[in-house]
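1. predicted structure and sequence below. I'll ask about it afterward.
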Amino acid sequence: MHLFNFYQELRLFKNFITIFAANFEIGMYLNRFKSLLVVSLSLMAIIFSTAVMANENHATADTNHAASTAATTAPHEAKEEGDFNVTETILEHIKDDHSWHLWGHTSLHLPVILYTSKGLEYFSSEKLVDEHHEPAVYHGNFDYKLVEGKTKIVDANGNVDIAASKQLWDFSITKNVASLFISVIILLVVLLSAANAYKRTGIKSAPKGLQSFMEPIVLFVRDEVAIPNIGAKKYGKYMPFLLTIFFLILTNNFLGLIPFFPGGANVSGNIAFTMTLAVCVFIVVNLNANKSYWEHIFWMPGMHWSMKLFLAPIELIGVFTKPISLMIRLFANITAGHILVLSLICLIFIFKTVFASAIAVPFAVFIGMIELLVAFLQAFIFTMLAAMYIGMATEEHHHESHEGAAHH
């Protein structure tokens, strides 16, 4: 069953590429993409190889220095040199943060916005770390400190004040929030530019520029997602919602695959982001559900009353499990992809040799290419299931004849 679903997804992806190619001079763009891909992969291999060689040279220098020192200090230095925590490194890259790493030791410190019993307070996240980038106490209206990435109120001894921290409301602009703002700005620029172009030229002339890029995607969502699941008569009402979900997930998925600013944030792999999207789908589905939909949940037509009592709680649970499945599916797939790529890169630092990059980098690049497909598929699947749930809630059921047959 899973293989069949994956085949269907690939078939729809092929249809999307066909539609996209029909509206593009695809040969020219593919040639440019191939050239860009070759340059990107070459730069990536050079960067990783250089980093590993620098790490190896540093390790060699440390080894020579240790040999020239006293024998009592040698075991301690060897222990520090071999210390590399893979789990901590991976989690540090996929979790949310109050700063955005740019290059080397340079980071973009984001604003911390807190509301406490003493009022609103805001300051730079730079004040929450010391010169070694370790958590430090900031003395504001209260004493604040980062504990496992969360801002907490601490006492004079540096211990978390649980009672005061419960009254703390954190509205900080974190890395994921900043990345979400960037993705929204990108979408507004692209979509409004395409919309303005349609206002100037109308729909009779051939699309140009961003129009030719956006039109195949919009047609794909309309013809492959909205109309088959909602119906030709009702789909227009929900197209803005479906397009918003699709482009928002797709943009954040692609930004998450870029390893440097303004990418690198794991927005789609954040459970709060996927939960918010799932809640929006839940609200749209249930607010637009018709009488027939609720009747099939609480009092299934054509069934004996005893079976209706048995099925009602099961159907009611299904109302809540559908958005939960949307939330977990997107979160798990995107997070798993990031963890897999980071695990391959960590092999270089585990084995501490440049030769490990000959295996790790090609595999990481290969998984990265797969992630490009997954980024599109997850946006498509989330949008398709949302359209399917909307279609089920708004569908008109004709069950009078079944009820009559049941009574006879």
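-> Yep, that arrived. Numbers count the residues shown, from 1 in each chain.
2. ignoring the adjacent residues along the chain, who's closest to Leu102?
-> Nearest non-adjacent residue to Leu102, counting by C-beta to C-beta, 6 or more residues apart in numbering: Phe261, 5.3 Å away. Where you see a C-beta, it was placed from the backbone N, CA and C, and this is true even at glycine.
3. wait, I meant Ser193
-> That would be Leu210: by C-beta to C-beta, 6+ apart, it lies 5.1 Å from Ser193.
4. the residue nearest to Leu102 sits in which helix or strand?
-> Per DSSP states H and E: Phe261 is located in neither a helix nor a strand.
5. and for it, the neighbour number?
-> Residues within reach of Phe261, counting by other C-beta atoms under 10 Å, total 15.
6. helix, strand or coil for the residue most central in space within the chain?
-> For the chain, the residue sitting closest to the mean C-alpha position, by C-alpha atoms, centre = their mean, is Ser268 at 1.2 Å. Look at Ser268: counting by DSSP: H, G, I helix; E, B strand; the rest coil, its state is coil.
7. show me the contacts for it.
-> Ile249, Asn252, Asn253, Gly256, Thr274, Leu330, Phe331, Ile334, Gln378 (C-beta atoms under 8 Å, 6 or more residues apart in numbering).
8. for it, which non-adjacent residue is closest in space?
-> Ile334 (4.3 Å).
9. contacting residues around that neighbour?
-> Asn253, Gly256, Asn266, Ser268, Gly269, Val374, Ala375, Gln378.
10. right, and the third one touches Leu91 too?
-> Put plainly, it is Asn266. No. In this structure Asn266 lies outside contact range of Leu91 using C-beta atoms under 8 Å: 10.5 Å.
11. more crowded one of those two?
-> Asn266 (23 against 13).
12. dump the residue contacts of the more buried one.
-> So Asn266 contacts His93, Ile94, Lys95, Asp96, Asn176, Gly256, Ile334, Thr335, His338 (C-beta under 8 Å, 6+ apart).
13. can you report how many residues neighbour the nearest residue to it once chain neighbours are set aside?
-> Excluding its sequence neighbours, the residue lying closest to Asn266 (C-beta to C-beta, 6+ apart) is Ile94, at 4.7 Å. When counting by other C-beta under 10 Å, one arrives at 17 neighbours for Ile94.
14. so Ile94 versus Val267, what's the distance?
-> 11 Å (C-beta to C-beta, to the nearest Å).
15. can you tell me the closest non-neighbouring residue to Lys95?
-> Gly149 (6.1 Å).
16. for the one you found, phi and psi?
-> Here is the backbone geometry of Gly149 (degrees, to the nearest 10): phi 80, psi 0.
17. tell me the helix or strand right after the one helix or strand Val319 maps to.
-> Per DSSP H and E: Val319 is located in helix 305-351. Using DSSP H and E, the helix or strand that follows helix 305-351 towards the C-terminus is helix 357-394.
18. so who does Met275 touch?
-> Neighbours of Met275 in contact, by C-beta under 8 Å, 6+ apart: Met327.
19. my error: substitute Asn141 in the last question.
-> Asn141 neighbours (C-beta under 8 Å, 6+ apart): Thr116, Lys118, Gly119, Glu121.
20. what's the nearest residue to the third one if we skip its chain neighbours?
-> With C-beta to C-beta, 6+ apart as the measure, Asn141 is the residue that lies nearest to Gly119, at 7.2 Å, once sequence neighbours are left out.
21. thank you, goodbye.
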